[in-house]
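[1] kindly return the folded structure for what I paste below:
(chains A and B)
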Amino acid sequence: MNKPHIVTGVIGSDCHAVGNKIIEAFFSEHDFEVVNLGVMVSQDEFIDAAVETGSRAILVSSLYGHGEIDCEGMRGRCLERGLDPVLLYAGGNLVVGKSDFAQTEKKFKDMGFDRVFPPDADLEQAALLLKNDLEKIKHV
Amino acid sequence: MSEYIYCADLGSTFTKGALFKIDKTVQVAARYDVPTTRHNLEEGWRESLSGCLEKASLKKADRLLVSSSAKGGLGIVAVGLVKELTMKAGCEAAISGGAKILASFSGSLEKSDIKSINDLSPDIILFTGGTERGNREAVLHNAHALSSMHTGMNIIYAGNSALRMEISEILKPFDLYFAENVMPEVNVLSAASAKNTIREIFLKKIIEGKGISAIGKLASLPVMPTPLAVYNFCRELFNRNIFEHPFLLLDPGGATTDLYSACPPVSENSMVLRGMPEQTIKRTVEGDLGMRFNAESALQTAGEKTLTNKKNYIWTEKLAKQPEILPQNSEEKENEKNIAAACVRTALMRHAGAVKKYYTLNGETAVQTGKDLRPIRIIISSGGYTGRFGTKLFFEEILSDLKKENSGKEDELLLPENCRFWADYGYLLPLLALLTHVYPDEACRLFKDSLTELN
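    Residues are numbered from 1 along each chain as shown, chains lettered A, B, ... in the order given. A predicted model of the protein is given here:
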């Protein structure tokens, strides 16, 4: 059976490359076809890659604290481009400082992200969630 | 004993012919150019051939080689999925394969798009979309949309290969060809297979439509699209390091302006690269910039930067009616210079990549899109005004103007700097590009020797 394509990368003017490589390696080993766009990726580049590869999930990383501004409007842009349904995950140091994660999670969910992960998230757990979520939207 | 090879380029404005004499060295034995006989291309070709033979006092040539950009060249419509991905990859493959993009479409094709394609009646439709095992739905939608086109179109499908069976069913009434996916993975360009298929269709079908099948039968090698021959020639010149430096080749023709750059696409490792990787040999062709048929639009595109004035436009009107005329007095020469400058500057700006600076937590980061032309040290002009009358000052002014406009801009173009300028006064480029298929070393060497450095 074909592995599902997923798109990942670090959004905005953020050039933290290490976590990005770990995510690519980890999800590749867990039966995903990872389309890794690297660092400093714009919303449109994520969406372009998802359209072209038929991906049903975009995993957005952000480490430098400006994730909120960079991710704003992304769900709308996906809809605009006909990318629906698609899972949007965000993870990393999404906002500046040490704010309460529950607040950050709510902020991102309000922006249309399906799941939000803190910097210390368990990738095994994330991969499981992703598989289940993909299964759920498969027949939409 | 010497061998004589006659090379001809059936052009849009002039049909150019040269007889090369090959013994220990290669020399031009005769040249003979004629205005292209559009009603019958063979007529002009025969005149050039017999003119060359007469000049060299010969009865026949040992081999005949032909390239053609006549009758508008090879017109392709590119259909892709995402504008910056498969549509761009399709355009790149078509352009480096010697074609001209008549129009390009991305996203879901609509009825109005199909009408446009029918109206354009392209030689080939290059249909792409989806990476390998990637998008299915949108590509199939576009296939269904294309199926309502006028029949008899040549279509190359170079998209997600998993859909080939469905595509061949949907597009059954058309002349359908399959090539490997031009973008197997995101931001990976794979143009070779599509280019070969374009060439195959050009030989099998298009030559006939352009009225050169009779010439093709007499030729010793298959007829080539001229830009493909020149593209291959640039690769040969670059691989042999003939100019000892990366170079740029300018060919502002009557209807289009062609630019070929030969240099590694990235010169600084510290740059963050975005978008599709560029090719070492890159061709761009600007369909709205020309010395004859598109002179007016060239001036308009460049705007006030090229001393646009009324006199220029009187000259462009004349040119549109009588493309083969050459400037006679100083005023007409000045007009011609302004058109050439407009073509060169706009084509350069479109060919060059750009760098944008971002301030991140790690300090300043430079992001490059497109090709870095800064390593270019040699600019060769061939054809049209620039090949005949271009001076060092003419090119230096264009480059320094661009540099001035460019400095301090957010997106800074990566333009050539510190160049030497050479001219191909004899316009041997397309002819040696043909000869290179038989005598590559000699053709490359003769090209360099035939150039004049502009001082």
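[2] quick check: closest non-adjacent residue to B:I376.
    Once flanking residues are discounted, B:I376 sits nearest to B:P416: 3.9 Å by C-beta to C-beta, 6 or more residues apart in numbering or on different chains. To be clear about C-beta, it is placed using only N, CA and C from the backbone, and glycine gets the same treatment.
[3] give me the distance from the helix or strand containing B:L248 to the chain's centre.
    With secondary structure defined by DSSP states H and E, B:L248 is part of strand B:247-252. Centroid separation for strand B:247-252 versus its chain: 10 Å, with C-alpha atoms, centre = their mean, to the nearest Å.
[4] got the contact list for that strand?
    B:230, B:234, B:237-238, B:257-263, B:289-291, B:340, B:343-344, B:347, B:373, B:376-387, B:416, B:419, B:429 (C-beta atoms under 8 Å, 6 or more residues apart in numbering or on different chains).
[5] and the residue in the stretch 201-350 of chain B that chain A sits nearest to, backbone torsions?
    Residue nearest to chain A within the stretch 201-350 of chain B (C-beta to the nearest C-beta): B:V272, separated by 5.4 Å. With angles defined as degrees, to the nearest 10, B:V272 sits at phi -90, psi 130.
[6] how close does it sit to B:L361?
    B:V272 sits 14 Å away from B:L361, taking C-beta to C-beta, to the nearest Å as the criterion.
[7] more neighbours: which of these two?
    More neighbours surround B:V272 than the other of B:V272 and B:L361, with 19 against 13 (other C-beta atoms under 10 Å in any protein chain shown).
[8] name the nearest residue to the spatially most central residue of chain A, sequence neighbours excluded.
    Centroid check for chain A by C-alpha atoms, centre = their mean gives A:L59 as the closest residue, at 1.6 Å. Once flanking residues are discounted, A:L59 sits nearest to A:T8: 4.2 Å by C-beta to C-beta, 6+ apart.
[9] doesn't the one you found fall inside a helix?
    No: assignment of A:T8 by DSSP: H, G, I helix; E, B strand; the rest coil gives strand, placing it outside any helix.
[10] from chain A, how far out is B:G98?
    26 Å (C-beta to the nearest C-beta, to the nearest Å).
[11] who are the neighbours in contact with the closest residue to A:E105 other than its chain neighbours?
    In space, and not counting its chain neighbours, A:E105 is closest to A:V116: 4.4 Å by C-beta to C-beta, 6+ apart. Neighbouring residues of A:V116 by C-beta under 8 Å, 6+ apart: A:Y89, A:A90, A:G91, A:L94, A:T104, A:E105, A:F108, A:K109.
[12] which of those fall in helices?
    Under the assignment DSSP state H, those contribute A:T104, A:E105, A:F108, A:K109 to helices.
[13] number of nearby residues for the residue nearest to A:L59?
    A count of nearby residues for A:T8, using other C-beta under 10 Å, gives 25.
[14] so what pLDDT did it get?
    Listed pLDDT for A:T8 reads 98.
[15] C-terminal to the helix or strand of chain B with the lowest mean pLDDT, what's the next element?
    Here the helix or strand of chain B ranked lowest by mean pLDDT, DSSP states H and E is helix B:384-388, holding a mean of 71. Sequence-wise, the next helix or strand downstream of helix B:384-388 (DSSP H and E) is helix B:392-406.
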